[in-house]
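J.: Predicted model and sequence below, questions to follow.
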Amino acid sequence: MVSVTVDGQEVEVEEGATVLDAAEKLDIDIPTLCYLEDLNEPGSCRVCLVEIEGEENYQPSCVYNVTDGLEVRTNTPGVIEARKKMIELLLSDHPFDCLTCAANQNCELQSIAKQHGIRDIDFDGERNEFPVDDLSPALVREPSKCIRCRRCISVCSEIQEVHIYDINERGFDSVAAPAFNESLMDTPCITCGQCIMVCPTGALHGQDDKQKVWDALADDTKHVVIQTAPAIRVTIGEMFGMEVGSLVTGKLVSALKRVGFDRVFDDCFGADVVVMEEGRELMERLESGKDLPQFTSCCPGWVKFCESFYPSLLDNLSSCKSPQQVFGALAKTYYAEKAGIDPDNIFSVSTMPCVAKKYEAQRPEMDDSGRQDVDAVLTTRELGEMIKQIGIDIENLPEQEYDEPMGYATGAGVIFGSTGGVMEATLRTVYEKLTGERLEDFELQKVRSQDFNEAEVKLDEDRSINVAVARGTGNARKLIHRVLSGEADYDFVEVMACPAGGCVGGGGQPIYSGRDRWARMVEDRVARADGLLKSDGRKDIKVAHENPFVKELYDSFLEKPHGEKSQKLLHTSYTD
Ligand code: HC0
Ligand code: SF4
């Protein structure tokens, strides 16, 4: 340990700590626009300047390592002025469209400018004007708003291992961008949206489908239905100041009815159907021994990752569509038929914690109902904004039930929303079909919060199913290399592209602020997943194959899992 003095107060910190760490220990908040705890190498924004005894120039505190006896001042007029100049320099090359910016009121540059009382900018010169890239169905890039903090580079390269961004050009023209400034559409971007979650400004944000949905709601010829993803029920509350992980299923249904949806359905019903289809597929593969391990396919970011980087594994991906798309295809066929509605008049919306789901809904093959199966996808953020727009606070609403026939889901469908959930939900059914007994005490439950896990599920003396789960595509790469090298021998593997617990940490979730925003998101996955487990615990039925509405679907429409009709409507193929 070494002893440091910051603004006259002495503090002990570990050797190798930075001045920023020492100040933090004393609750002195030095502003920075690049550093995020547990994520990136700091040192690019130069806003965190401090005065160090014996040094001629102001020093960036985030990269200045302490030594014993160091004396630091963080609050002198000179330091404050120097920081102001750094912020003004950034602002001098920034578009002033704060009022209409996607990050308005959630922008770190805006808050820091306010905190420093900046009213005028002394620097008057050239301004970079890069074109907006909005060709991706999921993400929008506004490079003119990039402050070169490198956070997107860290998350995409080090955590996700997709490597889309780098700093292009030098000096005044430098910007974080894909190679050759290509559109994200022309890169292997998997649309996970994790870069959105760490961007300090509005340089990266999701596509916005709110108006499309408002227009459909205002159109009397349209019957507008919505499906809610599992993770929405444990995160929408956060948009209204509720505690992280608050389970608000009934209030969510109420809010959606007030927004004006004709039917409010549950995507978890779709998840129960996926269990039936994907479970049957797994049993068939276990019997034939072909194309094992079976990989889950409900996460579009993971599917794109597999298509881009591991095309040799495409036959191992389950051919079953995701719950979102299974639901979409059924809404415009099964539900349309049952309700006597022309499917062309159904406008099908989903609300997801994810921006990759926007991309998935627009994949050209997702039209097995004879038209686009899901018409619009709203993230948790967009949904929260719509509910606020009509002046409702979700916390104060009464609880309501989902509509029939696609609103009832079992506990299996609900746990899809956090890592390990798809695996467990499928195994609950497969285990029971293969052994005649209930799967109790599934091991993965206990280790669900880890990055990458494996378990052996014993069926009897001679048979077992080896399973593995990875969250985040960086971890998926490690797992895949073990499979391809023959080091690991699995039967069933779940991958969710988002590192903070799968969908509960999706790129469409509420965006935190502050230096610990990444660390908090990773930590909060546990509370969010607990909310889903609570919901599972409250369900009378916990296995998908006992869902009475799923049984009715098969009896009256699909006939059997992985049968002719479900293969046409609910299964798909992949492209390399
Ligand atoms: Fe997920 Fe899903 S669980 S991907 O994370 O499988 O977005 O919440 O809706 O489709 O059900 C997201 C969440 C879903 C789908 C489901 C799956
Ligand atoms: Fe990288 Fe994901 Fe952002 Fe695409 S969406 S650039 S893959 S972090």
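T.: Arrived safely, thanks for sending. Residues are numbered from 1 along each chain as shown. Ligands and ions are numbered 1, 2, ... in the order given.
J.: Flag every residue of the stretch 51-200 of the chain that's near ligand 2.
T.: For the stretch 51-200 of the chain, the residues in contact with ligand 2 (C-beta under 6 Å from any ligand atom) are 139, 155-156, 160, 162, 164, 189-195. The C-beta positions use only the backbone N, C-alpha and C, and glycine is treated the same way.
J.: Phi first, then psi, for the nearest residue to P200 once chain neighbours are set aside.
T.: Counting by C-beta to C-beta, 6 or more residues apart in numbering, P200 lies nearest to E108, which is 3.8 Å off, once chain neighbours are set aside. For E108, the backbone dihedrals are phi -70, psi -30 (criterion: degrees, to the nearest 10).
J.: And the pLDDT at E108?
T.: With respect to pLDDT, E108 scores 96.
J.: Neighbours of it, how many?
T.: Residues near E108, counting by other C-beta atoms under 10 Å, number 23.
J.: again, but for G279
T.: By other C-beta under 10 Å, neighbour count at G279 equals 28.
J.: what about it, distance to N128?
T.: Counting by C-beta to C-beta, to the nearest Å, the gap from G279 to N128 is 53 Å.
J.: cool, R438 as well?
T.: Distance, R438 to N128, using C-beta to C-beta: 61 Å.
J.: Need phi/psi at the residue in the stretch 1-150 of the chain that ligand 1 sits nearest to.
T.: Ligand 1 sits closest to A138 of the stretch 1-150 of the chain, with a gap of 11.6 Å, by C-beta to the nearest ligand atom. Phi and psi for A138, reported as degrees, to the nearest 10, are phi -110, psi -40.
J.: Report the beta-bridge partners for whatever residue of the stretch 1-150 of the chain ends up closest to ligand 2.
T.: Nearest residue of the stretch 1-150 of the chain to ligand 2 (C-beta to the nearest ligand atom) works out as L139 at 5.7 Å. Judged by DSSP bridges, the bridge partners of L139 are G206.
J.: In this structure it contacts A203, no?
T.: No: counting by C-beta atoms under 8 Å, A203 is not a contact partner of L139; they are 10.7 Å apart.
J.: Pick out whichever of the two has more residues nearby.
T.: Neighbours were counted for L139 and for A203 using other C-beta under 10 Å; A203 has more, 29 against 25.
J.: Contacts only, for that one.
T.: 141-147, 176 (C-beta atoms under 8 Å, 6 or more residues apart in numbering).
J.: so which pair among those is furthest apart in space?
T.: Farthest-apart pair in the contacts of A203 is R141 and I147; separation 13.6 Å (C-beta to C-beta).
J.: Looking at the two, which is more packed in?
T.: Each of R141 and I147 has its neighbours counted (other C-beta under 10 Å); R141 has more, 30 against 23.
J.: which parts of this structure sit against ligand 2?
T.: Close to ligand 2, as judged by C-beta under 6 Å from any ligand atom, the chain has residues 139, 155-156, 160, 162, 164, 189-195.
J.: residues from the stretch 101-250 of the chain in reach of ligand 1?
T.: Residues of the stretch 101-250 of the chain lying near ligand 1 (C-beta under 6 Å from any ligand atom): 229-231.
J.: can you put the residues you listed in CSV and add secondary structure?
T.: Output for those, formatted as CSV (DSSP: H, G, I helix; E, B strand; the rest coil):
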residue, secondary structure
A229, coil
P230, helix
A231, helix
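J.: and which of those residues is nearest T221?
T.: Of all these, T221 sits closest to A229, with 27.1 Å by C-beta to C-beta.
J.: tell me the SS of the closest residue to ligand 2 within the stretch 451-576 of the chain?
T.: Nearest to ligand 2 in the stretch 451-576 of the chain, going by C-beta to the nearest ligand atom, is G507, at a distance of 6.5 Å. Using three-state DSSP, the structure places G507 in coil.
J.: For the nearest residue to it once chain neighbours are set aside, grab the count of nearby residues.
T.: Setting aside the residues directly before and after it, G507 is nearest to G193 in space (C-beta to C-beta, 6+ apart), at 1.9 Å. Neighbour count of G193, defined by other C-beta under 10 Å: 28.
J.: The residue of the stretch 1-150 of the chain closest to ligand 1 contacts Y359, correct?
T.: Yes: applying C-beta under 8 Å, one finds A138 in contact with Y359, separated by 4.3 Å.
J.: Overlap of the contact sets of those two?
T.: T191.
J.: Which one's more surrounded, the two?
T.: Neighbour count, other C-beta under 10 Å: between A138 and Y359, A138 has more, with 30 against 25.
J.: ok, now which ones touch that one?
T.: Contacts of A138 (C-beta under 8 Å, 6+ apart): 191, 193, 206-207, 355-356, 358-359.
J.: Distance of it relative to T228?
T.: For A138, the distance to T228 - C-beta to C-beta - is 19 Å.
J.: Next up, the contacts around the residue nearest in space to the middle of the chain.
T.: Residue closest to the average C-alpha location in the chain (C-alpha atoms, centre = their mean): G506, at 1.1 Å. Contacts for G506 (C-beta under 8 Å, 6+ apart) come out as 193, 231, 352-356, 379-380, 498.
J.: Give me the subset of those residues lying in strands.
T.: With strands taken from DSSP state E, the overlap with those comprises 352, 379.
J.: How about the residues of the stretch 251-400 of the chain by ligand 1?
T.: Looking at ligand 1, the residues of the stretch 251-400 of the chain close enough under C-beta under 6 Å from any ligand atom are 267-268, 271, 298-299, 322-324, 352-354, 357.
J.: what's the closest non-adjacent residue to C48?
T.: Nearest non-adjacent residue to C48, counting by C-beta to C-beta, 6+ apart: T32, 4.2 Å away.
J.: Quick check, pLDDT for the nearest residue to L204 once chain neighbours are set aside.
T.: Nearest in space to L204, with sequence neighbours left out and distances taken as C-beta to C-beta, 6+ apart, is I196 at 4.8 Å. You'll see I196 listed with a pLDDT of 98.
J.: ok, residues contacting the helix or strand containing I196?
T.: Secondary structure from DSSP states H and E places I196 in helix 194-198. For helix 194-198, contacts defined as C-beta under 8 Å, 6+ apart pick out 36, 39, 139, 151-152, 154-156, 159-160, 164-165, 204-206, 355, 498-499, 507, 509, 511-512, 517-518, 521.
J.: give me the number of residues near the nearest residue to T435 once chain neighbours are set aside?
T.: Nearest non-adjacent residue to T435, counting by C-beta to C-beta, 6+ apart: L459, 5.4 Å away. For L459, the count of nearby residues is 15 (other C-beta under 10 Å).
J.: Hmm, L459 is touching D491, no?
T.: No: L459 is beyond contact range of D491, at 10.7 Å (criterion: C-beta under 8 Å).
J.: Residues that sit against both of those two, list them.
T.: Counting by C-beta under 8 Å, 6+ apart, the residues touching both L459 and D491 are I465.
J.: got JSON lines for the contacts of A203, with secondary structure too?
T.: Converted to JSON lines, the contacts of A203 look like this (three-state DSSP):
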{"residue": "R141", "secondary structure": "strand"}
{"residue": "E142", "secondary structure": "coil"}
{"residue": "P143", "secondary structure": "helix"}
{"residue": "S144", "secondary structure": "helix"}
{"residue": "K145", "secondary structure": "helix"}
{"residue": "C146", "secondary structure": "coil"}
{"residue": "I147", "secondary structure": "coil"}
{"residue": "A176", "secondary structure": "strand"}
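J.: Closest one to I346 out of those, please.
T.: So of the contacts of A203, ranked by how close each gets to I346 (C-beta to C-beta), first place is R141, at 32.8 Å.
J.: and that closest one, what does it touch?
T.: Contacts of R141 by C-beta under 8 Å, 6+ apart are 132-134, 177, 184, 203-204.
J.: Flag the least confident of those.
T.: The lowest pLDDT within the contacts of R141 belongs to A177, with 94.
J.: can I assume A468 is in contact with Y490?
T.: Yes: counting by C-beta under 8 Å, A468 does reach Y490; the two are 4.9 Å apart.
J.: that older thread, G507 versus the residue nearest to the residue nearest to the centre of the chain when sequence neighbours are not counted, what's the distance?
T.: Once flanking residues are discounted, G506 sits nearest to P353: 3.6 Å by C-beta to C-beta, 6+ apart. Look at P353 and G507: by C-beta to C-beta, they are 8 Å apart.
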